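[1] 3D model of this:
(one chain, ligands or ions: 1)
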Amino acid sequence: MISAINVYTDINELLNALAENICSTAQAAIRERGQFNFVLAGGNSPKKLYELLASEKFSNKIDWDKTYFFFGDERFVPENDPQRNYLMVKKALFVPLKIKNSNVFNVDTSESPETAALRYDKSIRYHFKEKTVEFDFVLLGLGDNAHTASLFPNTTVLEETDATIKAVYVNEVNMYRITMTAPLINQARNIAFLVYGKDKAAAIYHVLNDSKGTINEYPARLISSDKHKTHWYIDSESASKL
Ligand SMILES: O=C1O[C@H](COP(=O)(O)O)[C@@H](O)[C@H](O)[C@H]1O
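    Model prediction:
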């Protein structure tokens, strides 16, 4: 399926449009299936979006008790390490909205990376009652090297054909990461990238427009659903090479 690319000159306008999309998707999911299964991105870019969702303008638009949160990827570091994606989201979203721990699928990094991946996968499957895992909304970021989630260039996880969770050692950042595979992300009902800043312009070009680019070089090219468009919420600086 093709991508729908939404370019904004104003970051606040971009974040508001994406927050509106998340709210209407959540409302429809809860109306139709009783819950909203929301996969969060890590890194720096989504922090302002999470703060916006927790603000007065948006916080009443979603039934948070019926919302379940997952992480597209997590850094394999101890529970309280500031590098954890969980801690950023906790501060920006979970604490302000008083989200119950039972609604958050946190990655347990107390044992090996492989055990963390297996346990996280198992907890997701249990939540979906062993049916196909179709998240309602997957929010993704994009690194300046075109990685998304923890699908980094030239890593073995890019060849994974199962819709699952994997542990992967990433030389580039010198650590294990726990990540959703591309097939798992691609099963989602809605996928949206949030990308801004001129540092991301080359990556966006290679992912969306470079016909010679390979998946090994630009892993976000793996993200493509058979059934739904992938939405890109990007600013004019990051879109400058398109
Ligand atoms: O390592 C990661 O990076 C990407 C992009 O992060 P950003 O700081 O450039 O926005 C992020 O989407 C991913 O979840 C994270 O673990």
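
[2] can you tell me how far residue 181 is from residue 175?
    Plainly put, residue 181 is 18 Å away from residue 175 if you go by C-beta to C-beta, to the nearest Å. C-beta coordinates here come from the backbone N, C-alpha and C atoms, glycine included.

[3] tell me which of the two has more neighbours.
    residue 181 (22 against 15; other C-beta atoms under 10 Å).

[4] which residues does that one contact?
    151, 157, 160, 162-166 (C-beta atoms under 8 Å, 6 or more residues apart in numbering).

[5] can you tell me which of the residues you listed are in strands?
    Among the contacts of residue 181, DSSP state E puts 165-166 in strands.

[6] list the contacts for the nearest residue to residue 189 once chain neighbours are set aside?
    Distances taken as C-beta to C-beta, 6 or more residues apart in numbering place residue 136 nearest to residue 189, at 5.3 Å, with adjacent residues excluded. Neighbour list for residue 136: 25-26, 29, 33, 36-38, 188-190 [criterion: C-beta under 8 Å, 6+ apart].

[7] on the three-state scheme, the residue of the chain most remote from its centre is what?
    Most distant from the centre of the chain: residue 212, at 25.7 Å, with distances by C-alpha atoms, centre = their mean. State at residue 212, reduced to three classes by DSSP: H, G, I helix; E, B strand; the rest coil: coil.

[8] state the distance from it to residue 229.
    Separation of residue 212 from residue 229 (C-beta to C-beta): 24 Å.

[9] run through the residues of the protein sitting next to the ligand.
    41-45, 72-73, 85, 141, 143, 148-150 (C-beta under 6 Å from any ligand atom).

[10] so residue 11 touches residue 196, yeah?
    Yes. Applying C-beta atoms under 8 Å, one finds residue 11 in contact with residue 196, separated by 5.8 Å.

[11] more crowded one of these two?
    Higher neighbour count among residue 11 and residue 196: residue 196, with 21 against 14, using other C-beta under 10 Å.

[12] contacts only, for the more buried one.
    11, 14, 45, 234-235, 237-238.

[13] show me which of these are buried.
    Taking 16 or more other C-beta atoms under 10 Å as the criterion, what is buried in these is 14, 45, 234-235, 237-238.

[14] where does pLDDT dip in the chain?
    For the chain, the stretches flagged by pLDDT under 70 are 1.

[15] quick one: the helices in it?
    11-33, 47-53, 56-59, 85-89, 95-97, 113-127, 182-186, 201-208 (DSSP state H).

[16] including distance to residue 5, could the ones you listed go into a markdown table?
    Compiled in a markdown table, those are given as follows (distance: least, C-beta to C-beta, whole Å):
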| stretch | distance to residue 5 |
| --- | --- |
| helix 11-33 | 12 |
| helix 47-53 | 18 |
| helix 56-59 | 23 |
| helix 85-89 | 25 |
| helix 95-97 | 30 |
| helix 113-127 | 29 |
| helix 182-186 | 18 |
| helix 201-208 | 7 |
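
[17] the ligand: which of the contacts of residue 181 is nearest?
    Each of the contacts of residue 181 was scored against the ligand by C-beta to the nearest ligand atom, and residue 151 proved nearest at 9.4 Å.

[18] contact partners for the closest one?
    Per C-beta under 8 Å, 6+ apart, neighbours of residue 151: 157-158, 179, 181-182, 219-220, 222.

[19] any idea how far it is from residue 39?
    From residue 151 to residue 39 the distance is 14 Å (C-beta to C-beta).

[20] try residue 184
    Computed as C-beta to C-beta, the residue 184 to residue 39 distance reads 9 Å.
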